[in-house]
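Participant: How does the following fold in three dimensions:
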Amino acid sequence: MARQRGSCHCGAVAFEAEGELDRVTVCNCSICARSGYLHWYVEPARFRLLTDPSSYDTYRFGTGTAQHHFCRICGVSAFRRPRSDPHLYDVNARCLEGVDAEALPVERFDGENWEEAEAAGQLDPLRGKR
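Facilitator: Numbering: from 1, shown residues only. All right, here's what the predicted structure looks like:
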């Protein structure tokens with residue numbers, strides 16, 4: 001299992017994540033569409049924050065379930081706790097060192113219509129489409 005290192009733009013928020021980075025998910029919800037986030041879901045046991053948690057802040061909206069963490073200095077969101085699976089870490093593949101995120105296979109999630117998409121079982125983040 002590969003270990004990936006990642007960070008925000010300025011490096012104040014840094015982490016390591018282990019797993020098979022074989023695909024990413026693109027979501028069309030309001031925040032993901034604006035930020036260009038490429039989602040890679042990681043189990044908590046395979047995620048390690050390398051910097052002090054005080055280096056990031058958290059933004060919540062809508063149901064307040066998702067935790068959109070962002071660097072207090074540069075504003076980049078390198079990882080989150082997603083609404084769909086708040087027990088997982090959602091790593092922004094664009095923030096991983098040495099990874100060509102644009103070359104990874106992409107799955108799409110209709111986050112703009114989140115409730116309907118989730119109810120239809122459109123996506124299971126760890127195993128792909130059902």
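Participant: pLDDT score for residue 129?
Facilitator: What the model reports for residue 129 is a pLDDT of 47.
Participant: do the same with residue 125
Facilitator: 58.
Participant: All the strands of this structure, residue numbers only.
Facilitator: Taking DSSP state E as the criterion, the chain contains strands spanning 3-7, 14-18, 24-27, 39-42, 47-49, 56-59, 67-71, 79-81, 89-92, 106-109.
Participant: Next, format these as JSON lines and append mean pLDDT and mean neighbour count.
Facilitator: Quick note: C-beta positions are derived from backbone N, CA and C, even for glycine. Below are these laid out as JSON lines (pLDDT from 0 to 100; neighbours: other Cβ atoms under 10 Å):
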{"stretch": "strand 3-7", "mean pLDDT": "97", "mean neighbour count": "17"}
{"stretch": "strand 14-18", "mean pLDDT": "98", "mean neighbour count": "18"}
{"stretch": "strand 24-27", "mean pLDDT": "93", "mean neighbour count": "20"}
{"stretch": "strand 39-42", "mean pLDDT": "96", "mean neighbour count": "23"}
{"stretch": "strand 47-49", "mean pLDDT": "98", "mean neighbour count": "15"}
{"stretch": "strand 56-59", "mean pLDDT": "97", "mean neighbour count": "15"}
{"stretch": "strand 67-71", "mean pLDDT": "97", "mean neighbour count": "20"}
{"stretch": "strand 79-81", "mean pLDDT": "97", "mean neighbour count": "22"}
{"stretch": "strand 89-92", "mean pLDDT": "97", "mean neighbour count": "24"}
{"stretch": "strand 106-109", "mean pLDDT": "90", "mean neighbour count": "16"}
